[in-house]
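# Predicted model follows, preceded by the sequence.
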Amino acid sequence: MHAKDILIEGFGRIREEVHAAVDGLGPDELNARPGSGANSVSWLVWHLTRVQDDHIADAFGLEQVWLSEGWEKRLALGLPRHDTGYGHTPAEVAEVRVDSGDLLTGYHDAVHERTLEALRSLTAKELERVVDERWDPPVTLGVRLVSVLSDDLQHVGQAAYARGLVQSAAS
(Lines give C-alpha, C1' and ligand atoms only; values in the text may rest on other atoms or scores of the structure.)
Protein backbone atom coordinates (compact mmCIF):
# COMPACT_ATOMS: atom_id res chain seq x y z
CA MET A 1 0.00 0.00 0.00
CA HIS A 2 1.30 3.44 -0.94
CA ALA A 3 1.12 6.51 1.28
CA LYS A 4 -1.53 8.08 -0.95
CA ASP A 5 -3.70 4.96 -0.55
CA ILE A 6 -3.50 5.29 3.24
CA LEU A 7 -4.49 8.96 2.99
CA ILE A 8 -7.38 8.12 0.66
CA GLU A 9 -8.57 5.48 3.12
CA GLY A 10 -8.32 7.93 6.01
CA PHE A 11 -10.31 10.66 4.28
CA GLY A 12 -12.88 8.04 3.23
CA ARG A 13 -13.42 7.13 6.87
CA ILE A 14 -13.99 10.77 7.74
CA ARG A 15 -16.67 10.96 5.04
CA GLU A 16 -18.39 7.85 6.44
CA GLU A 17 -18.37 9.29 9.96
CA VAL A 18 -19.67 12.68 8.76
CA HIS A 19 -22.67 10.94 7.21
CA ALA A 20 -23.22 8.85 10.35
CA ALA A 21 -23.15 11.96 12.54
CA VAL A 22 -25.60 13.92 10.36
CA ASP A 23 -27.98 11.45 8.70
CA GLY A 24 -31.53 11.51 10.01
CA LEU A 25 -31.17 14.67 12.09
CA GLY A 26 -33.62 17.51 11.68
CA PRO A 27 -32.76 21.22 11.97
CA ASP A 28 -33.37 21.35 15.73
CA GLU A 29 -31.02 18.42 16.36
CA LEU A 30 -28.37 19.63 13.92
CA ASN A 31 -28.24 23.05 15.55
CA ALA A 32 -28.71 22.06 19.20
CA ARG A 33 -25.78 22.84 21.44
CA PRO A 34 -25.38 20.49 24.42
CA GLY A 35 -24.24 23.47 26.52
CA SER A 36 -23.94 27.24 26.13
CA GLY A 37 -20.26 27.00 25.20
CA ALA A 38 -20.57 23.75 23.23
CA ASN A 39 -20.53 23.21 19.48
CA SER A 40 -23.49 21.88 17.52
CA VAL A 41 -23.33 18.97 15.08
CA SER A 42 -23.83 21.44 12.23
CA TRP A 43 -21.00 23.72 13.37
CA LEU A 44 -18.62 20.79 13.89
CA VAL A 45 -19.29 19.25 10.47
CA TRP A 46 -19.22 22.63 8.72
CA HIS A 47 -15.94 23.52 10.45
CA LEU A 48 -14.13 20.25 9.74
CA THR A 49 -15.22 20.45 6.12
CA ARG A 50 -14.14 24.09 5.79
CA VAL A 51 -10.72 23.26 7.25
CA GLN A 52 -10.28 20.34 4.87
CA ASP A 53 -11.44 22.46 1.93
CA ASP A 54 -9.16 25.36 2.88
CA HIS A 55 -6.06 23.30 3.58
CA ILE A 56 -6.35 20.95 0.59
CA ALA A 57 -6.96 23.87 -1.77
CA ASP A 58 -3.96 25.74 -0.36
CA ALA A 59 -1.64 22.72 -0.42
CA PHE A 60 -2.49 21.75 -4.00
CA GLY A 61 -2.99 25.24 -5.48
CA LEU A 62 -6.73 24.77 -6.01
CA GLU A 63 -9.73 27.00 -5.46
CA GLN A 64 -11.85 26.15 -2.43
CA VAL A 65 -15.02 24.19 -3.21
CA TRP A 66 -16.79 26.54 -0.74
CA LEU A 67 -16.37 29.33 -3.29
CA SER A 68 -15.94 27.64 -6.67
CA GLU A 69 -19.02 25.40 -6.38
CA GLY A 70 -21.27 27.89 -4.60
CA TRP A 71 -21.51 26.20 -1.19
CA GLU A 72 -20.99 29.55 0.51
CA LYS A 73 -24.24 30.76 -1.07
CA ARG A 74 -26.15 27.49 -0.59
CA LEU A 75 -25.41 27.32 3.13
CA ALA A 76 -25.87 31.13 3.45
CA LEU A 77 -24.30 31.39 6.90
CA GLY A 78 -23.52 35.10 6.61
CA LEU A 79 -19.86 34.60 7.52
CA PRO A 80 -16.82 36.17 5.87
CA ARG A 81 -16.00 34.31 2.64
CA HIS A 82 -12.86 32.60 3.92
CA ASP A 83 -14.04 31.89 7.48
CA THR A 84 -13.26 28.33 8.57
CA GLY A 85 -14.44 28.60 12.16
CA TYR A 86 -11.01 28.84 13.75
CA GLY A 87 -11.29 30.93 16.89
CA HIS A 88 -15.08 31.21 16.81
CA THR A 89 -16.61 32.45 20.02
CA PRO A 90 -19.70 30.71 21.45
CA ALA A 91 -21.82 33.50 19.91
CA GLU A 92 -20.28 32.90 16.47
CA VAL A 93 -20.80 29.14 16.83
CA ALA A 94 -24.48 29.81 17.58
CA GLU A 95 -24.79 31.73 14.29
CA VAL A 96 -23.83 28.67 12.23
CA ARG A 97 -27.27 27.17 11.71
CA VAL A 98 -28.03 24.68 8.96
CA ASP A 99 -31.57 23.60 8.13
CA SER A 100 -30.66 20.46 6.19
CA GLY A 101 -28.25 17.65 6.85
CA ASP A 102 -28.18 17.14 3.09
CA LEU A 103 -26.52 20.55 2.70
CA LEU A 104 -23.81 19.60 5.19
CA THR A 105 -23.15 16.19 3.68
CA GLY A 106 -23.39 17.62 0.16
CA TYR A 107 -20.69 20.15 0.92
CA HIS A 108 -18.58 17.52 2.64
CA ASP A 109 -18.98 15.10 -0.29
CA ALA A 110 -17.88 17.81 -2.74
CA VAL A 111 -14.78 18.54 -0.63
CA HIS A 112 -14.12 14.82 -0.28
CA GLU A 113 -14.19 14.38 -4.07
CA ARG A 114 -11.79 17.32 -4.53
CA THR A 115 -9.51 15.79 -1.87
CA LEU A 116 -9.52 12.42 -3.63
CA GLU A 117 -8.73 14.06 -6.98
CA ALA A 118 -5.72 15.75 -5.41
CA LEU A 119 -4.55 12.62 -3.61
CA ARG A 120 -4.89 10.24 -6.59
CA SER A 121 -2.12 12.01 -8.49
CA LEU A 122 0.16 12.32 -5.45
CA THR A 123 3.67 10.85 -5.53
CA ALA A 124 5.76 9.92 -2.50
CA LYS A 125 8.27 12.63 -3.37
CA GLU A 126 5.55 15.31 -3.32
CA LEU A 127 4.84 14.53 0.33
CA GLU A 128 8.20 16.14 1.13
CA ARG A 129 7.27 19.44 -0.56
CA VAL A 130 7.15 22.37 1.88
CA VAL A 131 3.69 23.95 1.91
CA ASP A 132 4.04 26.35 4.86
CA GLU A 133 7.26 28.07 5.87
CA ARG A 134 5.71 29.98 8.80
CA TRP A 135 6.63 27.11 11.13
CA ASP A 136 9.96 25.78 12.38
CA PRO A 137 10.50 23.28 10.94
CA PRO A 138 8.54 24.20 7.79
CA VAL A 139 5.43 22.09 7.18
CA THR A 140 5.59 19.54 4.38
CA LEU A 141 2.62 18.34 2.37
CA GLY A 142 2.71 14.99 4.16
CA VAL A 143 2.60 16.64 7.58
CA ARG A 144 -0.21 18.99 6.47
CA LEU A 145 -2.32 16.08 5.21
CA VAL A 146 -1.88 14.14 8.46
CA SER A 147 -2.75 17.31 10.38
CA VAL A 148 -6.01 17.70 8.43
CA LEU A 149 -6.84 14.03 9.00
CA SER A 150 -6.23 14.40 12.72
CA ASP A 151 -8.28 17.59 13.02
CA ASP A 152 -11.15 16.13 10.99
CA LEU A 153 -11.22 12.91 13.01
CA GLN A 154 -11.33 14.84 16.27
CA HIS A 155 -14.17 17.06 15.08
CA VAL A 156 -16.25 14.26 13.57
CA GLY A 157 -15.87 12.36 16.85
CA GLN A 158 -17.14 15.43 18.67
CA ALA A 159 -20.07 15.64 16.23
CA ALA A 160 -20.97 12.01 16.95
CA TYR A 161 -20.80 12.70 20.69
CA ALA A 162 -22.89 15.87 20.35
CA ARG A 163 -25.45 13.87 18.32
CA GLY A 164 -25.69 11.33 21.13
CA LEU A 165 -26.13 14.03 23.77
CA VAL A 166 -28.84 15.78 21.75
CA GLN A 167 -30.70 12.54 21.08
CA SER A 168 -30.44 11.48 24.73
CA ALA A 169 -31.84 14.79 25.91
CA ALA A 170 -34.79 14.45 23.50
CA SER A 171 -35.78 10.98 24.70
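Thanks, I have it. Only a predicted model underlies this, so the values are computations on that prediction, with no experimental measurement involved.

# now the helices: where do they sit in the chain?
With DSSP state H as the criterion, the chain has helices at 3-22, 27-31, 41-60, 65-68, 71-75, 90-95, 101-120, 141-170.

# Mean neighbour count, those helices: which tops it?
Neighbour counts (mean count of other Cβ atoms under 10 Å) averaged over each of the helices of the chain peak at helix 41-60, with a mean of 24. To be clear about C-beta, it is placed using only N, CA and C from the backbone, and glycine gets the same treatment.

# Can you list the helices and strands that that one packs against?
Helices and strands touching helix 41-60, as assessed by 3 or more Cβ pairs under 8 Å, 6 or more residues apart in numbering; DSSP states H and E, comprise helix 3-22, helix 27-31, helix 65-68, helix 101-120, helix 141-170.

# what angle separates the first one from helix 141-170?
Read it as helix 3-22. Interaxial angle, helix 3-22 versus helix 141-170 (axes from the mean of the first three to the mean of the last three Cα atoms, to 10 degrees): 20 degrees.

# got the angle for helix 3-22 vs helix 41-60?
Counting by the same axes, to 10 degrees, helix 3-22 points 160 degrees away from the direction of helix 41-60.

# Quick one: mean pLDDT over helix 3-22.
When pLDDT is averaged along helix 3-22, the result is 97.

# quick one: low-confidence ranges for the protein?
Within the chain, the set of residues satisfying pLDDT under 70 is empty.

# And for it, the residue most distant from the center?
In the chain, the greatest distance from the average C-alpha position (Cα atoms, centre = their mean) is reached by Ser171, at 28.8 Å.
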